[in-house]
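Trainee: sequence and predicted structure, then a few things I'm wondering about:
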Amino acid sequence: MKRPVFSFEAEVLTDAPFEHITARLQGPDPLGGIRCLKALRSWLPMEQGPEEIHLRWERHVVGALEQGTLCIRKDAKGAHLHLSGCMKGWSSFILFGLLRWRTDRLLDRFVEEL
């Protein structure tokens, strides 16, 4: 039997310099003391290249699996933020409204905290 999958995606171009974001994420406090990132609590190790950073999370919530990626890329005007993710499982019908709101707003909250 197939499992339902709900996916979401959002993008923001911010004027915050890529170097500033990188410095915040590599600070002494995990995830740079950025509260909105700590809310998910299930981040996998950060993957960093010369011009991009990938932050991934994966967590199980009441029988559903939520996975996602926050990609931060260098841009001529600052930084390009791309959030994508999905929720898999039958219980996601109930949870999707609450969790989608939480993760969809992640980019807005991330930019506010920069």
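Mentor: Looks like it arrived, so ask away.
Trainee: which ones are touching the most centrally placed residue in the chain?
Mentor: Nearest residue to the geometric centre of the chain (CA atoms, centre = their mean): residue 70, 3.8 Å. By CB atoms under 8 Å, 6 or more residues apart in numbering, the contact set of residue 70 is 37, 54, 55, 56, 81, 82, 83, 106, 107, 110. No exception for glycine: its C-beta is placed from N, CA and C like everyone else's.
Trainee: make it 10 Å
Mentor: 10, 37, 40, 43, 46, 53-57, 81-85, 103, 106-107, 110 (CB atoms under 10 Å, 6 or more residues apart in numbering).
Trainee: distance of it relative to residue 8?
Mentor: Separation of residue 70 from residue 8 (CB to CB, to the nearest Å): 12 Å.
Trainee: where do the contact lists of those two overlap?
Mentor: What both residue 70 and residue 8 touch, as defined by CB under 10 Å, 6+ apart, is the set 83, 84, 85, 103, 106.
Trainee: reformat these as CSV; add neighbour count, secondary structure and distance to residue 14.
Mentor: Shown next, in CSV, are the shared contacts of residue 70 and residue 8 (neighbours: other CB atoms under 10 Å; DSSP: H, G, I helix; E, B strand; the rest coil; distance: CB to CB, whole Å):
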residue, neighbour count, secondary structure, distance to residue 14
83, 21, strand, 12
84, 15, strand, 17
85, 22, strand, 19
103, 20, helix, 18
106, 21, helix, 13
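Trainee: out of these, who's nearest residue 3?
Mentor: Using CB to CB, residue 85 comes nearest to residue 3 of the shared contacts of residue 70 and residue 8, at 15.7 Å.
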